[in-house]
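Peer 1: coords please:
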Amino acid sequence: MMRTSPPRTAFAAGADFPSRRRFIGQVCALGLAFGMAGRAGAQAAPALILRQIPSSGERVPVIGLGTARRYEDAASEADLAPLRATLKAFEAGGGRMIDTAPSYGMAESVVGALVADLGIRRSMFLATKVGANGKDAGRAQIERSFIQLRTDRIDLISVHNLRDTATQLATLRELKQAGRIRYLGMTTSFDGQYDAFEATMKRETLDFVQVDYALDNRGAGERLLPLARDRGMAVMVNLPFGRGRLFSAVQGRPLPEWAGDFDCHSWAQFFLKYIVSNDAVTVAIPGMAKPEYVIDNLGAATGRLPDAAMRRRMEAYIDAL
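Peer 2: Have a look, this model is predicted:
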C-alpha cells in the first residue's frame, strides 16, 4: 500500500523556509507534538539521534533550525507568535541548534528576544555568522550579534560564504581563546565556492563547516563531506530541501512504500533522513516557522536511517523524476 503525503512547495535563502501545508499525520506517533503545550502528563518527546562534534566530543541532535526568510522581518506580535510557538516546540522536542546570521534581516534579534522570552537559552546552541570585510567591520558585526542574541557567549560563529576568511578567522580565534565563543567555522551555499572552500578546509583548523547538500544536490557529499570527516570538522547542512526543488519534484506523488523501511512518514523526513544518514553530517538545519514543521522535521531525527543500499535507491528515485 502506498502512503500519501501532501505536496510541499519550498524556497530558501541560507536555510529552506517552505511556504506550504505540511504533513502532520505523524503527530500522534511523535508524542502529541512533544507535549509542547506543557500539559501535565503530556507524553515525553522521543529521543533524537545525536552526533558528535569532533573537536570537543559534545553531542547535538541531527536536526537543527534555520532562521532565514520567516524570521527576517517578524516585527508584529502576529508575526512573532507562531515563531515563539515554533521555538517552544523545538526546545520541548529536544532540539538544540538554531542557526542565524546578521544578513538575515531581523532574524538575530528575533531569535534573541524569543529565546530570552521563553527562558531557554541554556538549552539552545546558538550559531551565527560574520560576513564583513576588514577586522574592524567584522569585530563590530560580531559585537552586534552578541547584543542581538542577548547572550554573552555564542556557541558558534562562522565566516559567511568565505568573506574575508583569513581576517575573520583570526578574530574568531581570539574570541574563542577568550571564551566568548565555543566554536568557529565557515560556510558556503553554492558550488562555485567549492574550490576555495576545499583549499581553506585543508589549510585551516575549524570546528565546523556549513555546506549546501540535498538529495538532488550531492556535490558536497562527494567532495567536502569526506574531507570534513578526515579533518575532524563537524558539518552543518543548509538548503536541505534543495531550494524547494525536491518538493516540486514529488508534488502529488505518494511516498514510496519502502520509505517505511527507515521509519519515514513524510517527504520532509525522506529528504532529511537521506542527509543525516551520511555519517559525516552533524546537523541539518531546515527552516521552521510553525510548530507542525518542528514535529515533521524532528521526526527525521528518530527511528531508523537509510543504509547505503537504501541511500542509492533514494538517489535513483529522485534522479528518475
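Peer 1: got the residue ranges for the helices in the chain?
Peer 2: Per DSSP state H, the chain carries helices over the ranges 31-34, 77-92, 107-118, 135-149, 165-177, 194-203, 219-231, 245-250, 267-276, 291-298, 308-319.
Peer 1: which other helices and strands contact the last one?
Peer 2: If I follow you right, that is helix 308-319. helix 267-276 (3 or more Cβ pairs under 8 Å, 6 or more residues apart in numbering; DSSP states H and E). Yep, even glycine has a C-beta here, placed from its N, CA and C like the rest.
Peer 1: okay, the helix it packs on in PDB with CA atoms only?
Peer 2: What follows is helix 267-276, C-alpha atoms only, in PDB (Å, rounded to 0.1, in the frame of the first residue of the first chain):
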ATOM      1  CA  TRP A 267       8.500  13.800   2.200                       C
ATOM      2  CA  ALA A 268      10.300  16.200   4.500                       C
ATOM      3  CA  GLN A 269      11.600  13.200   6.500                       C
ATOM      4  CA  PHE A 270      12.500  11.400   3.300                       C
ATOM      5  CA  PHE A 271      14.800  14.300   2.300                       C
ATOM      6  CA  LEU A 272      16.200  14.900   5.800                       C
ATOM      7  CA  LYS A 273      16.800  11.300   6.600                       C
ATOM      8  CA  TYR A 274      18.900  11.000   3.400                       C
ATOM      9  CA  ILE A 275      21.100  13.800   4.600                       C
ATOM     10  CA  VAL A 276      21.600  12.800   8.200                       C
END
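Peer 1: pull out the buried residues from it.
Peer 2: 267-276 (16 or more other Cβ atoms under 10 Å).
Peer 1: tabulate those residues (JSON lines), appending pLDDT.
Peer 2: Below are the buried residues of helix 267-276 laid out as JSON lines (pLDDT from 0 to 100):
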{"residue": "Trp267", "pLDDT": "98"}
{"residue": "Ala268", "pLDDT": "98"}
{"residue": "Gln269", "pLDDT": "98"}
{"residue": "Phe270", "pLDDT": "98"}
{"residue": "Phe271", "pLDDT": "98"}
{"residue": "Leu272", "pLDDT": "98"}
{"residue": "Lys273", "pLDDT": "98"}
{"residue": "Tyr274", "pLDDT": "98"}
{"residue": "Ile275", "pLDDT": "98"}
{"residue": "Val276", "pLDDT": "98"}
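Peer 1: out of the helices of the chain, which is closest to Ile157?
Peer 2: helix 165-177 (5.7 Å; Cβ to Cβ).
Peer 1: buried set for that closest one?
Peer 2: 165, 167-169, 171-172, 175-176.
Peer 1: dump these to TSV, plus distance to Arg229 and pLDDT.
Peer 2: Formatted as TSV, the buried residues of helix 165-177 follow (distance: Cβ to Cβ, whole Å; pLDDT from 0 to 100):
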residue	distance to Arg229	pLDDT
Thr165	21	98
Thr167	28	98
Gln168	24	98
Leu169	21	98
Thr171	27	98
Leu172	22	98
Leu175	26	98
Lys176	22	98
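Peer 1: what's the burial count for the closest residue to Arg51 other than its chain neighbours?
Peer 2: Nearest residue to Arg51 in three dimensions, chain neighbours excluded: Thr282, at 4.6 Å (Cβ to Cβ, 6 or more residues apart in numbering). For Thr282, the neighbour count with other Cβ atoms under 10 Å is 26.
Peer 1: how far away is the most centrally placed residue in the chain from Val60?
Peer 2: Against the mean C-alpha coordinate of the chain, by Cα atoms, centre = their mean, the closest residue is Ile285 at 1.0 Å. Look at Ile285 and Val60: by Cβ to Cβ, to the nearest Å, they are 11 Å apart.
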